[in-house]
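Turn this into a model:
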Amino acid sequence: MGRFYFAFVGGELMPHGVFGLGWGEVVSLGTLIIVILNYLKTSLSNTAHEANRKDMEDLKDKLTDFKVNVNELTQLLKQVNNDLGNLTKRVNHHSAEIDELKIDVAQIKERIGMNDENHK
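Residues are numbered from 1 along each chain as shown. A predicted model of the protein is given here:
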């Protein structure tokens, strides 16, 4: 790993530094590296938060548009359902009128003596 240099301090052998640097220089260099790494981490974090915020705004806009489209579709389906209900009522009414007319025609034929077997 690193090269340690030793010095005698108070009769003991103590490491003097790493790679020829004194301990104050080593601590300063370590602090500088930590500050730079912290800055990079904060920068990346802020960039990620900004990108995430923009993505969330885009998603919110798209969801709002989707909600509007769903509401329009719901209104359209309600109108189609109402129109279909009205059409069904009209068809049922016409069907009842046709049935009444068939009965009337049959009664008229019976009165005048016409039946389907004689007039084919």
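
helices or strands up against the helix or strand harbouring Leu32?
Secondary structure assignment for Leu32, by DSSP states H and E: helix 23-112. When contacts are defined as 3 or more C-beta pairs under 8 Å, 6 or more residues apart in numbering; DSSP states H and E, helix 23-112 packs onto strand 12-18. C-beta: built from backbone N, CA, C; applies to glycine.

what is the rounded mean pLDDT of the helix holding Leu32?
The average pLDDT for helix 23-112 rounds to 91.

mind checking how far Ile33 is from Asn69?
To Asn69, Ile33 is 54 Å away according to C-beta to C-beta, to the nearest Å.

what's the answer for Asn92, then?
34 Å.

Same question for Asp99.
Applying C-beta to C-beta to Asp99 and Asn69 gives a distance of 44 Å.

And Asn38, by the same measure?
In terms of C-beta to C-beta, Asn38 sits 46 Å off from Asn69.

Repeat that for Lys102.
In terms of C-beta to C-beta, Lys102 sits 48 Å off from Asn69.

what's the answer for Asp61, then?
Noted for Asp61: a distance of 13 Å to Asn69, by C-beta to C-beta.

now Glu50
29 Å.

With Leu84 instead?
Distance from Leu84 to Asn69, by C-beta to C-beta: 22 Å.

Next: Gln75.
11 Å.

Kindly report the same for Ser45.
In this view, Ser45 and Asn69 are 36 Å apart by C-beta to C-beta.

what does Gln107 give?
57 Å.

and if you look at Glu100?
To Asn69, Glu100 is 47 Å away according to C-beta to C-beta.

ok, His94 - contacts?
By C-beta atoms under 8 Å, 6 or more residues apart in numbering, the contact set of His94 is empty.

Tell me how far it lies from Glu100.
Taking C-beta to C-beta as the measure, His94 falls 11 Å from Glu100.

With Ser43 instead?
Distance, Ser43 to Glu100, by C-beta to C-beta: 85 Å.
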